[in-house]
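Student: here is a sequence with its predicted model. Questions after.
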Amino acid sequence: MEARPDAPMAWRLCGNQIKLWRQAAGVSREELAAEAGYGVEAVRSMEMGRRRPSQHLLRVADAMFGANGKLESAHSFLEPDRALVRTAEYMALEAEAVAMDWYEVLLIPGLLQTEDYARVLMASHCPPVSDGTIEARVVARMERQKLLEKRTTLFSFVVHEAALRSLVGGREVMKRQLNRLLEAGELRNVSIQVLPNGRGATPGLVGGFVLLETSEHRHFCYGETQVGSMLHADPDRVSALMKRHAMIRMHALDEVESARFIREVAEEL
């Protein structure tokens with residue numbers, strides 16, 4: 001059985017090193033298992049990366065194979081990764097994208113936010129940041145929006161109705177924000193759709209994400225959580241999200257209906 005495709009790379013690398021050191025030392029898996037007090041299948045799982053190699057197995061293997069601490073030292077690298085911030089990498093790809101598909105549930109996508117809306121979001125950051133940091137982030141976000149002027153890039157946005165009705169900054173700020181969506185939707189390279197409430201259990205309930213295609217036809221997916229951000233290039237992950245996005249668009253209103261819907265929500269404010 002092969003390693004789990006979703007297993008941490010550190011598990012797989014460490015397990016493979018145990019296997020290579022064991023084979024070089026002429027020790028069978030059964031002998032290693034007996035010395036460590038584990039079942040053979042447990043050792044196999046650790047070597048294959050299906051299970052996290054234990055510190056005990058690493059210590060025993062290190063001694064048996066004469067690794068002089070090289071195997072045991074790997075234990076500290078098997079701890080869960082700290083939350084990574086992949087925003088900078090994402091923005092670099094965003095700048096060169098030829099196609100972007102963006103879905104949001106609770107917030108207006110960053111490339112479509114007004115300055116007031118963005119400032120309210122930045123000011124609500126927790127833990128709090130300085131006024132200077134807030135302004136710098138707002139300026140950076142507004143600068144990013146120049147990407148929409150790149151007419152050779154296709155931008156597709158699907159926004160859940162919840163994002164249209166969450167009164168970020170109050171009624172006036174939100175009304176200007178909705179009007180901004182209507183303006184952006186008139187650009188020939190920008191498509192804006194609304195996923196209304198009442199569509200049932202759609203893939204859109206899970207959370208937002210962004211799909212990117214570069215000029216080299218490489219595909220990426222990006223997402224954010226409370227503790228970090230993720231950027232994937234794995235074809236299986238990207239393909240799954242592409243299918244999910246296609247299903248979300250099927251449940252969403254078309255562009256004309258969406259513009260009418262946004263206008264009606266704005267008039268209610």
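Tutor: Received it, and whenever you're ready, just let me know what you need. Numbering: from 1, shown residues only.
Student: how about the helices of this structure, start to end?
Tutor: Taking DSSP state H as the test, the helices found in the chain are 9-24, 29-36, 40-47, 55-65, 87-96, 115-123, 131-144, 161-165, 171-184, 235-251, 255-268.
Student: which of those sits closest to Y222?
Tutor: helix 87-96 (4.7 Å; Cβ to Cβ). C-beta coordinates here come from the backbone N, C-alpha and C atoms, glycine included.
Student: in that closest one, which residues are buried?
Tutor: Within helix 87-96, the residues that count as buried by 16 or more other Cβ atoms under 10 Å are Y90, L93, E94.
Student: contacts for it, please.
Tutor: M100, R144, L147, V210, L212, T214, S215, F220, Y222, E224, S229, L231 (Cβ atoms under 8 Å, 6 or more residues apart in numbering).
Student: is it correct that the first one is in contact with F209?
Tutor: No - in terms of Cβ atoms under 8 Å, M100 does not count as a neighbour of F209; the distance is 11.3 Å.
Student: any chance of the buried residues of helix 87-96 in JSON lines, plus distance to G170 and pLDDT?
Tutor: Putting the buried residues of helix 87-96 into JSON lines (distance: Cβ to Cβ, whole Å; pLDDT from 0 to 100) gives the following:
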{"residue": "Y90", "distance to G170": "30", "pLDDT": "90"}
{"residue": "L93", "distance to G170": "34", "pLDDT": "91"}
{"residue": "E94", "distance to G170": "29", "pLDDT": "92"}
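Student: would you turn those residues into CSV with distance to M250?
Tutor: Below are those laid out as CSV (distance: Cβ to Cβ, whole Å):
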residue, distance to M250
Y90, 26
L93, 26
E94, 25
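Student: out of those residues, flag the one nearest to L182.
Tutor: E94 (23.2 Å).
Student: how close does K150 sit to L211?
Tutor: From K150 over to L211 the distance is 17 Å, taken as Cβ to Cβ, to the nearest Å.
Student: which one's more surrounded, the two?
Tutor: L211 (20 against 14; other Cβ atoms under 10 Å).
Student: what bridges to that one?
Tutor: Note on L211: beta-bridge partners by DSSP bridges are D101, C221.
Student: that one against V98, yeah?
Tutor: No - in this structure L211 lies outside contact range of V98 using Cβ under 8 Å: 12.0 Å.
Student: give the buried subset of the contacts of helix 87-96 as a PyMOL selection command.
Tutor: With 16+ other Cβ under 10 Å as the criterion, this PyMOL line picks the buried residues out of the contacts of helix 87-96:
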select buried, resi 100+147+210+212+220+222+224+229+231
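Student: what is the nearest of the contacts of helix 87-96 to M64?
Tutor: Looking across the contacts of helix 87-96 and measuring by Cβ to Cβ, the closest to M64 is L231, at 39.8 Å.
Student: need the contact list for the closest one.
Tutor: Per Cβ under 8 Å, 6+ apart, neighbours of L231: R86, E89, Y90, L93, F220, C221, Y222.
Student: what do you get for V210?
Tutor: With Cβ under 8 Å, 6+ apart, V210 has these contacts: Y90, E94, M100, D101, W102, Y103, C221, Y222, G223.
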